[in-house]
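Asker: Fold the following, please.
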Amino acid sequence: MPRFAPSSSFSAPQQVEVQADANPRRRRSPRAATSDPYVSLLTSLVFPTWARPSEKPAGAGDGQSFAVEAHFAAGAGLALLDRIFRDAPPFAGALRQRLALRAAGASAKILRLREDEDALRDAAHLKPAGADPGRAGRLHRLWRALDAPPARLDGETFARALALIDAPPSIDAKSLAAAAQSAGTKARHPLAAAALAAEQVAGALPSDMRAEAEILALWAADLTLAQQLGWERPVPLLATRILAPSLRRGDNARRPRPGDPQWPETLAGACALAAGDACALALDLARRCEKLLVAAPKLRAKGAARAIALLLDDDAVTPARAAKIAGLSDRAARRLFERLVALGAVRELSGRANFRLYGL
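Answerer: Numbering: from 1, shown residues only. Here you go, the predicted model:
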């Protein structure tokens, strides 16, 4: 799998293969030993304070100023994210899947389910293949599937999404997809298209599924936004911050839903907050990715390169999964991850002695 080589140019990276050193005791030349480690210019890509929207709830008479600030901050944040995803850093998969976990956690709260992000992660990575992960786990699958190509605004994609939110089979997925697609031709800019697509989708579900309708609307808005921006794969963004207190409006501090008059600026505000969070997460993962790629030549296991690829592509990895894909024994996979933790290259995410999960 191609990976970035050490480079001072974020816009024109060279590609190399991540390989474990077949002979870790081999003597290296002084130049090789002191060469610069993998460095991403993400470490110097600072999210400007002027692009961050206020986290404080706005007053009842601040509607116009909120809308202007939300759209301005969302545009600035999306411009930075666009740079990140177009340059396709090695950890892009892990970034999208970690955002998917956050989106699933917010979705579970919208449905008033008990599962938190730790429980959702366990369900995604520890359930046997083919087992039902439960209602919250299916929500997680909905967001994780955005990173599984092809993720397009078509009937097949919407049919899978409708099944994951337990929507009635009578809903026409093709018509729903067509309505979302039409939003892109009617709107003046990507955020407006995403807001309109969300409205079209939410209005198609029964009135007794308002919570599910909002989740599906946010999912469709992310799909539409990615399509409008020309991103190769959608990024779970809007749901991750839709529950922010600063997005509540009016005297009753109610959160606008798709179809409400204040929905477009609410979506823009969620996008602005989410973009800032995603950039911060990308910076953190860039630093962790650097440590992982620096540690790679120190690994003796023959399947280490494939295990590293898994860590870069997902939120979490089990030793059992790494053993299966990398051709390692279960014991060798566990020792590989323990070695990576000792090197400071990955973290153990579960905090358990058994059924452990590892990730950047």
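Asker: could you pull out the helices for the stretch 201-350 of the chain?
Answerer: Shown for the stretch 201-350 of the chain, the helices assigned by DSSP state H, counting those that start in this stretch span residues 210-229, 238-241, 263-295, 304-313, 319-326, 330-342.
Asker: Just the buried residues of the fifth one, please?
Answerer: To tie it back to what came earlier, the one meant is helix 319-326. Neighbour counts over helix 319-326 (16 or more other CB atoms under 10 Å) mark 319, 321, 322, 323, 326 as buried. Glycine gets a C-beta too; all of them are placed from N, C-alpha and C.
Asker: which one of those residues sits closest to residue 275?
Answerer: residue 321 (30.9 Å; CB to CB).
Asker: pretty sure the closest one is touching residue 125, no?
Answerer: Yes: assessed by CB atoms under 8 Å, residue 321 is found in contact with residue 125 at 7.4 Å.
Asker: Flag the shaky bits of the stretch 101-250 of the chain, pLDDT-wise.
Answerer: Low-confidence segments of the stretch 101-250 of the chain, defined by pLDDT under 70: 150, 250.
Asker: please redo it, this time with the cut-off set to 90
Answerer: 127-133, 147-154, 169-170, 179-188, 203-204, 206-207, 232, 248-250 (pLDDT under 90).
Asker: Per the annotation, how does this structure divide into domains?
Answerer: 2-43+284-359, 45-280 (automatic domain parsing).
Asker: Just say which of those domains is most tucked in.
Answerer: Highest mean neighbour count among the domains of the chain (mean count of other CB atoms under 10 Å): domain 45-280, with a mean of 19.
Asker: what's in contact with stretch 334-349?
Answerer: Stretch 334-349 is contacted by residues 121, 288, 291-292, 294-295, 298-299, 301, 303-304, 307, 311, 316, 319, 322, 328, 356-360 when judged by CB atoms under 8 Å, 6 or more residues apart in numbering.
Asker: Recalculate using a threshold of 10 Å.
Answerer: Stretch 334-349 is contacted by residues 20, 118, 121-122, 125, 288-296, 298-301, 303-304, 307-308, 311, 315-320, 322-323, 326, 328-329, 356-360 when judged by CB atoms under 10 Å, 6 or more residues apart in numbering.
Asker: same thing with stretch 144-151?
Answerer: 92-97, 99-101, 103-104, 120, 124, 141, 156-157, 160-161, 164, 219, 222-223, 226-227, 232-236, 313-315.
Asker: Could you name every residue contacting both of residue 321 and residue 125?
Answerer: 314, 357.
Asker: which residue ranges form the strands in this structure?
Answerer: 2-4, 15-17, 347-348, 358-359 (DSSP state E).
Asker: just checking, residue 307 touches residue 295?
Answerer: No: using CB atoms under 10 Å, residue 307 makes no contact with residue 295, being 11.5 Å away.
Asker: what sits against residue 92?
Answerer: Here residue 92 is in contact with 84, 85, 147, 232, 233, 235, 282, 285, 289, 312, 313 (CB under 10 Å, 6+ apart).
Asker: Tell me the predicted confidence for it.
Answerer: The model reports residue 92 with a pLDDT of 93.
Asker: and the gap between it and residue 296?
Answerer: According to CB to CB, to the nearest Å, residue 92 and residue 296 sit 18 Å apart.
Asker: now swap in residue 142 and tell me
Answerer: 33 Å.
Asker: Quick one: closest of the helices of the stretch 201-350 of the chain to residue 191.
Answerer: Nearest of the helices of the stretch 201-350 of the chain to residue 191, taken as CB to CB: helix 263-295 at 5.4 Å.
Asker: next one: that closest one to chain centre, how far?
Answerer: 9 Å (CA atoms, centre = their mean, to the nearest Å).
Asker: can you give me the angle that helix makes with helix 210-229?
Answerer: Interaxial angle of helix 263-295 relative to helix 210-229 (axes from the mean of the first three to the mean of the last three CA atoms, to 10 degrees): 70 degrees.
Asker: For helix 263-295, name the packing helices and strands.
Answerer: With contacts defined as 3 or more CB pairs under 10 Å, 6 or more residues apart in numbering; DSSP states H and E, the packing partners of helix 263-295 are strand 2-4, helix 63-86, helix 92-110, helix 190-202, helix 210-229, helix 238-241, helix 304-313, helix 330-342.
Asker: Now with 8 Å, please.
Answerer: helix 63-86, helix 92-110, helix 190-202, helix 238-241, helix 304-313 (3 or more CB pairs under 8 Å, 6 or more residues apart in numbering; DSSP states H and E).
Asker: how about these, which one is nearest residue 277?
Answerer: Counting by CB to CB, residue 277 lies closest to helix 238-241 out of those; the figure is 6.5 Å.
Asker: What are the contacting residues of the closest one?
Answerer: With CB under 8 Å, 6+ apart as the criterion, helix 238-241 contacts 99, 102-103, 106-107, 143, 194, 215, 218-219, 221-222, 225, 247, 267, 270-271, 273-274, 277-278.
Asker: Mind doing that once more with 7 Å?
Answerer: 99, 102-103, 106-107, 215, 218, 221-222, 267, 270-271, 273-274, 277 (CB atoms under 7 Å, 6 or more residues apart in numbering).
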